[in-house]
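Student: when you get a sec, could you give me coordinates for this:
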Amino acid sequence: MEAVSSRMLRSTLIAATRAGAEEILRFFQRSFTVHNKEGINNLVTEADHAAEKAILAVIRKEYPDHQILAEESGQLAQNSAYKWIIDPIDGTVNFAQGIPLNCVSIAIEHEGRIVMGAVYNPHMNEFFFAEKGQGATLNDKPIRVSNKTETIKSCLVTGFPYTYINEPNGPLEVFERFVRKGVPVRRLGSAAIDLCWVACGRFDGFFEQKLEPWDSAAGYLIVEEAGGKVTDFTGQEFSVYQHKVLATNGKIHDEMLQVILGQKELQL
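Tutor: Have a look, this model is predicted:
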């Protein structure tokens, strides 16, 4: 049976996150190679690979037997109850454009549950961290979700996938239901940052229809530990292995879900 100290896990997670961030800063606004993955504008850069390599080096030094699920190198299955879920650069299009809204996102899963997560935007020096049952922090200071109780008076954030954007009840239709009622809906280009900004009260809710585990795993825990609520689009308990996510302060969650599902129209 694995004997893993929470303190050591935390130390390694923080070190790995900072190692990835160093590579982000090393490449940012400099020349680097860019390739396209499946779907238009679904980019991967030389910096993504460098950041992932630096992250994996830190993790493997301390925990060579742990499982890995990383955006660029895929899954390394091992006989361990622990899995590290890694996005070396969340917000790669922003990064490639020189927009300083991108981050490292790393979560630790234990026996199928996310138990620790870190999201770090080094351009703004904002390090978000959460441990299951221990609350969430921004630069070591506790954070909480907002207290808004009405969706119509909330500030929301979303993202759009690279594919099937025009499907029925898809991202554009749902987006329109909010903005046509005057609700401010932002799009930052990094789901991990979106989730963290819900956690610290800058946004009241976040919704997206096509996320991967590495996009949502760390931010999901940070929102919940900051007092928020995260579900799928059926209102069921969220799993990082399904694509649709609604994360809110909890107070507007049910109303937002009804709007997303087309069951309610917001009243001005």
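Student: where does the chain have low pLDDT?
Tutor: 1-3, 32, 34-44, 163-166 (pLDDT under 70).
Student: which residue is nearest the middle of it?
Tutor: A192 (2.5 Å; CA atoms, centre = their mean).
Student: who's in contact with the helix or strand harbouring it?
Tutor: A192 is part of helix 191-199 when elements are defined by DSSP states H and E. With CB atoms under 8 Å, 6 or more residues apart in numbering as the test, helix 191-199 has contacts from 87, 90-91, 101-103, 105, 119, 121, 126, 128, 130, 136, 138, 143, 145, 157-159, 188, 203-206, 208, 211, 215-216, 218-220, 222-223, 225-226, 228, 245, 247-249. Heads up, the C-betas are built off the backbone N, CA and C, glycines and all.
Student: and the next helix or strand past that helix?
Tutor: Following helix 191-199 in sequence, per DSSP H and E, is strand 205-208.
Student: between the helix or strand following that next one and helix 191-199, how big is the angle?
Tutor: Towards the C-terminus, the helix or strand next in line after strand 205-208, according to DSSP H and E, is helix 213-225. Relative orientation of helix 213-225 versus helix 191-199 (axes from the mean of the first three to the mean of the last three CA atoms, to 10 degrees): 10 degrees.
Student: who are the packing partners of whichever helix in the chain runs longest?
Tutor: Ranked by number of residues, the top helix in the chain under DSSP state H is helix 6-27. In terms of contacts (3 or more CB pairs under 8 Å, 6 or more residues apart in numbering; DSSP states H and E), helix 6-27 is packed against helix 46-62, strand 82-90, strand 103-110, strand 113-121, strand 126-131.
Student: adding distance to M8 and mean neighbour count, write those out as JSON lines.
Tutor: Output for the helices and strands packed on helix 6-27, formatted as JSON lines (distance: least, CB to CB, whole Å; neighbours: other CB atoms under 10 Å):
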{"stretch": "helix 46-62", "distance to M8": "7", "mean neighbour count": "19"}
{"stretch": "strand 82-90", "distance to M8": "12", "mean neighbour count": "27"}
{"stretch": "strand 103-110", "distance to M8": "11", "mean neighbour count": "28"}
{"stretch": "strand 113-121", "distance to M8": "11", "mean neighbour count": "24"}
{"stretch": "strand 126-131", "distance to M8": "13", "mean neighbour count": "24"}
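Student: compare those and give me the one nearest D232.
Tutor: strand 113-121 (14.8 Å; CB to CB).
Student: contact partners of the closest one?
Tutor: Identification of contacts with strand 113-121 by CB under 8 Å, 6+ apart yields 6, 9-10, 13-14, 17-18, 20-21, 85, 90, 100-109, 126-132, 192-193, 195-196, 217-222, 240.
Student: how distant is that strand from the center of its chain?
Tutor: Strand 113-121 sits 9 Å away from the centroid of its parent chain (CA atoms, centre = their mean, to the nearest Å).
Student: what of stretch 116-135?
Tutor: On CA atoms, centre = their mean, the centre of stretch 116-135 falls 11 Å from the chain's centre.
Student: of all the residues in stretch 126-145, which ones are buried?
Tutor: Under the neighbour-count criterion of 16 or more other CB atoms under 10 Å, stretch 126-145 has E126, F127, F128, F129, A130, E131, K132, A136, T137, L138, I143, V145 buried.
Student: would you turn the helices and strands packed on helix 6-27 into TSV with distance to L172?
Tutor: Putting these into TSV (distance: least, CB to CB, whole Å) gives the following:
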stretch	distance to L172
helix 46-62	28
strand 82-90	22
strand 103-110	26
strand 113-121	27
strand 126-131	29
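Student: got the contact list for D204?
Tutor: With contact taken as CB under 8 Å, 6+ apart, D204 is in contact with V145, S146, K148, T151, S154, C155, L156, V198, T248, N249, I252.
Student: try 10 Å this time
Tutor: With contact set as CB atoms under 10 Å, 6 or more residues apart in numbering, D204 has these partners: 145-151, 153-157, 183-184, 197-198, 228, 248-253, 256.
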